[in-house]
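Engineer: Give me coordinates for this.
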Amino acid sequence: METRAAKHLIIGGGIIGCSIAYHLGKRGERDVVLLERAQLTEGATWHAAGLVGQLRSSRNTTQMLMRSVAMYEGLEAETGLACDWKQTGSLRLCASRDRMLEARRLTTMARSFGLEMQMISAGEAQALFPYISTEGLEGAAFIPSDGHVDPGGLCLSIAAGARLHGADLRQGVEVLDFAVENGRIAGVETSEGLWQAETVTLAAGMWSRELGAKLGLVVPACALEHQYIVTEPIEGFPDGLPTLRDPDRLVYYKPDAGGRLVVGGYEDNTLPFGEAGIPGRFVRQLLPDNLDRFAPLAERAALTTPVLNQVGIRQVINGPIPYSADGDFVMGPVPGIDNLMLATGFLYGIAAGGGAGEMIAEWLTEGRPSLDLWPLDNRRFGPHHGARAFMYPRAVEHYAHHYKLRPPGAEAQSTRGLRRSPFYQRLKARGAVYGSKNGWERPLWFAPEGTRPVDRLGFLDPGWKEFVAAEHRAVREGVALADQSSFAKFELAGPGALAALQRLAVSNMDKPPGHVIYTQLCNEQGGIEADLTVTRLGAQRFYIVTGAGFGVHDADWIGRHLPDDAWLAEVTSGFAVLNLMGPKARLVLQAVAEGEVSNAAFPFATQRDLFIGAAPVRAIRIGYTGELGWELHIPTEFGAYVFDLLEEAGKPHGLAHIGYRAIEGLRLEKGYLYWSADITPDTTPVEAGLGFRVHLKSKGDFIGRDVLARQKADGVARRLCCFTAEGMLPVYGGETILKDGRAVSLACSAGYGYSVGKTIVYGYLDRALWGEDDFLLEVFGEAYGLRRVDAPLYDKDMARLKA
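Structural biologist: Numbering: from 1, shown residues only. Okay, here's the model as predicted:
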């Protein structure tokens, strides 16, 4: 068979693959080829319900879906093919007080995201969708720009647009295998011969997992059964009905052609599909319907819209839909294979298709999308996320919770307990209430004796706050321990290690061994790709620590920029970490450490190898709370032994255990930033107030230098600001900051500072507003006074940190 060549090769002819081809062609890319094993749309696209909603929990995901809508509005005029796009809006019903609170929070978030969303009465909702029963209904939310579409027609229209822009969409071509050389896909073996391409994108929906396995990958995406019904025609069915979601009853509705309704939902007991492999020729097929499983949803739907009791069922659709290990999309680069891109796991691919295709096209041509898509990034997952024993139970759980109330802080319950530090059982015995991060069990807060160690969640006044307040005071007034073993940890070594770090980091990394450097790694636009600490262990040996959820991403970013004479090794499992902090921390440490730990002998931002008892410990004097403290990196097998020594030595000083919810309030007071919320690849260190970490004079070139030098010289158009509000407001991030009735910013991070006695909010302000001090914060639909203040709010002169 002949060998063919393409610049961009896309595998999968559903809406995502066709959209990627369309947007690549629209950007002027040539030699764009799409391979589809059957015919276009014949995976999951053809049987999708076709709702197009835009609001999601992150701003950039929402804005990506808003781009879908913008594309669909003009698609028919561009391609000449109808897709039956109807921008009729969407309704979200609220049948309980908590659901109204959720809707108000969503409305506030939508406003900060730039999406119009309105709270309306039950009567107004019924006027928009006359079949609704208002009994027990407290209100609703309405998004005017949402809509619905014919999924098959949409995909074919996008495909026509891709062809108009020069893409070659080849049907009936099956991918058989891959050849990988030097960390790149060198060839794609297909039923029509060998393809070679500069980039390969895997957009094969539910088949992505099996194709990924041919590359040695464990793709964290699968397929689940999803059912909906199509009713018989309803007499007098009006045109222009919005789509409808009743999350309290777990159901959704879409007006369909011929006066029919599509009614579906998310039940508790859906089934995985293809767990042992997808049948070889599963093409444009449905699964046997399961009315017993659907019946509870149908009964609930009839309470919402009693007209369902008077019409018959025309069709039951049970089809497999893509799903991921956390219920969100799987997009972006693949560590270890430089020219491979993933675009799979799209639960709501019809809504996402246009925008997701645009983002992947940007990723392929520009090296990054114009919107930071960390919540969707493939590198948010670890290896365990793709294991069958983890992925399928977790996907089924997320499916079941698609519409269920999820107050802030709610944690998944399936497949827990994967990664446990050596302190797990000890802390559990002391009342630890655990959450999970990247498979790690991590204490959120500690229940005192006599209190059940069960998380107490709520929208307005969660029951954990009084206990977190006590933990906060323990850090500020005494001494505390926190288990931070979940940090991702790496060693960088080799003859080129220092030069590589100097090229990657914005700070001067050429400090003597034993120094600890807090720094950022930036992209060419100056955006922050990683925020981490680096300890120099030797001339060409460095210890890198980053957040528990960022290890795969940060290692991939570093790895893609390493020369051949430097290498990165993950050592996360080799070290347990205890953070000892508080004004009495030195008293505890000196009681058990062999060696001097005074300020003179062990100053801030340095590292020393100590013995604690008989255990060797890498002690790093740094922290995330703003108090005197040490991160104690302990060889894992010594962890429990060191814990016992520290706990015993801490008893005379009232040593407390704290969790991550206390750490959050402590770091907000101190003005410490969190990557993925306060700082992202869309923001620069200069904009975020971290310009002091950008060393232009003491080092040579580094990635992003030109942009950052220009910003330091000329100033920036926006900057991260700190705000406070009186009292303890129920804030979690995502709230809208207002000035003169206009949304001017989004709360990146928000919480309560127990030492300063105020609600603390961080958000970016445009330069025109830097002279303003008084703003409003919209929280659950209510406006509260907000004042811009200088950060940090606590220990401005660093006296406590450097004590």
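Engineer: In a helix, residue 466, correct?
Structural biologist: Yes. According to DSSP: H, G, I helix; E, B strand; the rest coil, residue 466 belongs to a helix.
Engineer: Count the residues that sit near residue 107.
Structural biologist: When neighbours are counted by other Cβ atoms under 10 Å, residue 107 registers 23. In short, each C-beta sits where N, CA and C put it, glycine included.
Engineer: For residue 508, see how far away it is.
Structural biologist: Distance of residue 107 to residue 508, computed by Cβ to Cβ, to the nearest Å: 47 Å.
Engineer: same deal with residue 222?
Structural biologist: Counting by Cβ to Cβ - residue 222 and residue 508 are separated by 46 Å.
Engineer: More neighbours: those two, which one.
Structural biologist: residue 222 (28 against 19).
Engineer: I'd say that one and residue 392 touch.
Structural biologist: Yes. Using Cβ atoms under 8 Å, residue 222 is in contact with residue 392, at 6.1 Å.
Engineer: can you list residues touching both of the two?
Structural biologist: Shared contacts of residue 222 and residue 392, defined by Cβ atoms under 8 Å, 6 or more residues apart in numbering, are found at 272, 275.
Engineer: the domain parsing of this protein - what is it?
Structural biologist: 3-83+149-222+326-380, 90-148+223-320, 484-570+684-715, 575-654 (automatic domain parsing).
Engineer: Columns mean pLDDT on top of these, output as CSV?
Structural biologist: Below are these laid out as CSV (pLDDT from 0 to 100):
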stretch, mean pLDDT
domain 3-83+149-222+326-380, 97
domain 90-148+223-320, 96
domain 484-570+684-715, 99
domain 575-654, 98
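Engineer: Pick the most buried one from the ones you listed.
Structural biologist: domain 3-83+149-222+326-380 (a mean of 22; mean count of other Cβ atoms under 10 Å).
Engineer: Just the terminal-to-terminal distance for that domain.
Structural biologist: Length of domain 3-83+149-222+326-380, first residue to last, Cα to Cα, to the nearest Å: 36 Å.
Engineer: ok, now stretch 176-192?
Structural biologist: Using Cα to Cα, the two ends of stretch 176-192 sit 10 Å apart.
Engineer: helices or strands up against the helix or strand where residue 786 lies?
Structural biologist: Here residue 786, judged by DSSP states H and E, is contained in strand 782-789. Here strand 782-789 touches strand 718-726, strand 774-779, going by 3 or more Cβ pairs under 8 Å, 6 or more residues apart in numbering; DSSP states H and E.
Engineer: Give me the most central residue, this structure.
Structural biologist: Nearest to the mean C-alpha position of the chain, by Cα atoms, centre = their mean, lies residue 375 at 2.2 Å.
Engineer: Which secondary structure state is assigned to it?
Structural biologist: The three-state assignment at residue 375 reads helix, by three-state DSSP.
Engineer: now it: how far from residue 351?
Structural biologist: 15 Å.
Engineer: next one: residue 206
Structural biologist: On the measure of Cβ to Cβ, residue 206 and residue 351 end up 18 Å apart.
Engineer: before we move on, what about residue 154?
Structural biologist: 11 Å.
Engineer: cool, and residue 283?
Structural biologist: 24 Å.
Engineer: Kindly report the same for residue 323.
Structural biologist: Taking Cβ to Cβ, one finds residue 323 at 15 Å from residue 351.
Engineer: try residue 722
Structural biologist: Residue 722 is 35 Å from residue 351, by Cβ to Cβ.
Engineer: Beyond the helix ranked longest in the chain, next helix or strand please.
Structural biologist: Using DSSP state H, we find that the single longest helix of the chain is helix 59-79. Going down the chain from helix 59-79, the next helix or strand is strand 90-94, by DSSP H and E.
Engineer: Report the next helix or strand after that following strand in sequence order.
Structural biologist: helix 97-113.
Engineer: Report all helices and strands that that next one contacts.
Structural biologist: Where contact means 3+ Cβ pairs under 8 Å, 6+ apart, helix 97-113 is packed against helix 59-79, strand 90-94, strand 118-120, strand 139-143, strand 736-739, strand 742-746, strand 774-779.
Engineer: now these in TSV, with distance to residue 184?
Structural biologist: Below are the helices and strands packed on helix 97-113 laid out as TSV (distance: least, Cβ to Cβ, whole Å):
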stretch	distance to residue 184
helix 59-79	28
strand 90-94	43
strand 118-120	50
strand 139-143	43
strand 736-739	45
strand 742-746	38
strand 774-779	48
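Engineer: which one of these lies closest to residue 381?
Structural biologist: helix 59-79 (16.5 Å; Cβ to Cβ).
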